[in-house]
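Engineer: I would like the atomic coordinates for the input below:
(one chain, ligands or ions: 2)
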Amino acid sequence: MKVSIRNLNVKYMPKSKFEVNALKNVYMEINSYNFYTIVGNSGSGKTTLVKSLSALRIGKDINIFFNGKPLSKKYKHNKDLLKYKSDLATTFQFPDHQIFSKSVEDELKLIEKYKKIKINRDEFSSILSDLGFKNFDLFSLCPLIMSDGEKRKLVIALSIISNAKIIILDEPTTGLDPVSEKRVLEILLKQKEMGKAVIMITHNIRNAYSYSDYVFVLNKGIIAKHGSPEILRDKEFMKSVNLYSPYEIIGSLKRSET
Ligand SMILES: Nc1ncnc2c1ncn2[C@@H]1O[C@H](COP(=O)(O)OP(=O)(O)O)[C@@H](O)[C@H]1O
Ligand SMILES: [Mg+2]
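Structural biologist: Numbering: from 1, shown residues only. Ligands and ions are numbered 1, 2, ... in the order given. This is a model prediction of the structure:
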């Protein structure tokens, strides 16, 4: 499985005085069995890139290729586009934007209907328990009453169980306690080892450095550098894109260990 993005340019409010060049001349290649991270400071275009990769922004210009075939809305009932969408699971930045049902069970049924798959409830329970959910009757639970962290973990579990070959996550660990954060990362690593392509956006440079096989550094809509996570250790480069390298101490410490 291979996804390529070629020469992707995204403008918001084009031809107006508010025009924003959110992505400029972006090239990417995504393969199975790989864990990718996208890092970049706020406003660098990460979420726009996630929307593009999730085929929400396919325009007339053909710029996403799935196993070598161009995905375009121009062709009605484009089978490759439908196949791509069914092979894809995206968890967006805000879980509230993608939970629609009044119970976890209903949410599973919705995915089964949309993806035309059967979800194994025991397997789903085991993912939830790996994520640290307690073993009470989760299926009847209303997602709306869950805490922010639980909602986040629920949408991650839903994307994993949905049989997707490409899992895209926009800041999945933001706001999670450190134990949950580690659990999420370990589960994603397992997904990669099972042959999936995992693409994670994160502000946590240490996690990007420790977990990913390949890193894209976005700066002002441009991929400033891409390659092995070792590129994150280049302090001068990281400073130039307003980021810190993985083990840099930020500011002066207020307390010492002694
Ligand atoms: N719907 C929109 N309309 C206008 N500008 C937008 C819209 N969405 C994002 N932008 C702008 O595009 C740029 C990239 O945004 P985004 O992709 O959300 O960045 P990030 O996720 O890295 O913080 C920012 O300057 C942002 O203000
Ligand atoms: Mg964002």
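
Engineer: Checking the closest residue to ligand 2 within the stretch 51-200 of the chain next. Helix, strand or coil?
Structural biologist: Using Cβ to the ion, Gln93 is the residue of the stretch 51-200 of the chain that sits closest to ligand 2, at 5.2 Å. Bear in mind the C-beta positions are built from the backbone N, C-alpha and C, glycine included. Classification of Gln93 by DSSP: H, G, I helix; E, B strand; the rest coil places it in coil.

Engineer: Give me the neighbour count for the nearest residue to it once chain neighbours are set aside.
Structural biologist: Excluding the flanking residues, the one nearest Gln93 by Cβ to Cβ, 6 or more residues apart in numbering is Asp170, at 4.3 Å. A count of nearby residues for Asp170, using other Cβ atoms under 10 Å, gives 21.

Engineer: what sits against Asp170?
Structural biologist: Counting by Cβ atoms under 8 Å, 6 or more residues apart in numbering, Asp170 makes contact with 46-47, 50, 90-93, 201.

Engineer: Which PyMOL command selects the buried ones in these?
Structural biologist: Listed next is the PyMOL selection for buried residues among those, using 16 or more other Cβ atoms under 10 Å:
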select buried, resi 46+47+50+90+91+92+201
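
Engineer: Show the end-to-end separation of stretch 167-177, please.
Structural biologist: End-to-end distance for stretch 167-177: 22 Å, by Cα to Cα, to the nearest Å.

Engineer: quick one: contacts for the residue of the chain found nearest ligand 2?
Structural biologist: The minimum distance from the chain to ligand 2, using Cβ to the ion, falls at Thr47 (3.3 Å). Counting by Cβ under 8 Å, 6+ apart, Thr47 makes contact with 92-93, 170, 201.

Engineer: Tell me the confidence at it?
Structural biologist: pLDDT for Thr47: 93.

Engineer: helix or strand for it, which one?
Structural biologist: Using DSSP states H and E, Thr47 sits within helix 46-53.

Engineer: That helix and ligand 1, are they touching?
Structural biologist: Yes - Helix 46-53 comes into contact with ligand 1 (Cβ under 6 Å from any ligand atom), by way of 46-48.

Engineer: picking up where we left off before, lowest-confidence entry in the contacts of Asp170?
Structural biologist: Within these, pLDDT is lowest for Gln93, at 86.

Engineer: And the helices in the stretch 51-200 of the chain?
Structural biologist: 79-86, 104-115, 121-130, 148-161, 178-193 (DSSP state H, counting those that start in this stretch).

Engineer: Least confident of those helices, on average?
Structural biologist: helix 79-86 (a mean of 86).

Engineer: Please spell out which residues along it are buried.
Structural biologist: 80-81, 84-86.

Engineer: For it, what is the distance to the chain centroid?
Structural biologist: Taking Cα atoms, centre = their mean, to the nearest Å, one finds the center of helix 79-86 at 18 Å from the center of the full chain.

Engineer: ok, now stretch 213-222?
Structural biologist: The answer for stretch 213-222 is 14 Å, by Cα atoms, centre = their mean.

Engineer: Any idea how far apart the tips of it sit?
Structural biologist: Counting by Cα to Cα: the opening and closing residues of stretch 213-222 are 20 Å apart.

Engineer: does it come close to ligand 1?
Structural biologist: No - contact between stretch 213-222 and ligand 1 is absent, the nearest approach being 6.6 Å (criterion: Cβ under 6 Å from any ligand atom).
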